[in-house]
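In: sequence unknown, structure follows:
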């Protein structure tokens with residue numbers, strides 16, 4: 001719901017904005033989100049679960065990844081978004097501040113804050129250089145997560 005409320009705040013100022021929510025139904029909230037988006041006439045697409053190939057192709061149409069979770073450790077979705085070249089705006093909860101560095105490879109915001117997300121997104125819209133820097137730094141970071149890099153680190157530890 002947080003992502004929907006963020007888009008709701010941004011639509012009047014940025015009528016070309018759109019949101020795509022990717023992922024399977026997990027907790028019963030999808031129905032509520034769809035009803036809210038329809039009622040508020042928000043520019044939102046719900047894809048459901050995608051294959052890796054579908055997610056890669058879809059990501060080409062977007063530039064920012066919002067991670068609105070209230071708890072998480074090391075979310076694969078965020079790592080994938082970084083690898084795909086999406087600028088990440090995420091809540092700073094759980095293990096996320098250990099994965100992402102605020103203003104270096106992502107923008108981190110307080111959880112449950114429409115205002116914080118809106119302000120961060122507007123900053124990215126106004127500052128392309130910031131967005132590009134965050135994206136480039138994030139991509140460099142996740143290149144170190146590649147198995148061809150990680151396996152040698154494991155070999156060092158295990159030997």
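Out: On my side now, so go ahead. The structure displayed is predicted, hence computed values, not measured ones.

In: Helix, strand or coil: sort out residue 46 for me.
Out: At residue 46, secondary structure determined by DSSP: H, G, I helix; E, B strand; the rest coil is strand.

In: Touching, it and residue 21? I think so.
Out: Yes. In this structure residue 46 lies within contact range of residue 21 using Cβ atoms under 8 Å: 5.2 Å. All C-beta atoms are positioned from the backbone trio N, CA, C, and that covers glycine.

In: Common neighbours of those two, please.
Out: residue 33 (Cβ atoms under 8 Å, 6 or more residues apart in numbering).

In: And the two? Which one has more around it.
Out: residue 21 (17 against 14; other Cβ atoms under 10 Å).

In: contacting residues for the more buried one?
Out: 3, 33, 44, 45, 46, 47.

In: ok, the last one to residue 15 distance?
Out: Looking back up the chat, that one is residue 47. As judged by Cβ to Cβ, to the nearest Å, residue 47 and residue 15 stand 22 Å apart.

In: Repeat that for the second one.
Out: Noted for residue 33: a distance of 21 Å to residue 15, by Cβ to Cβ.
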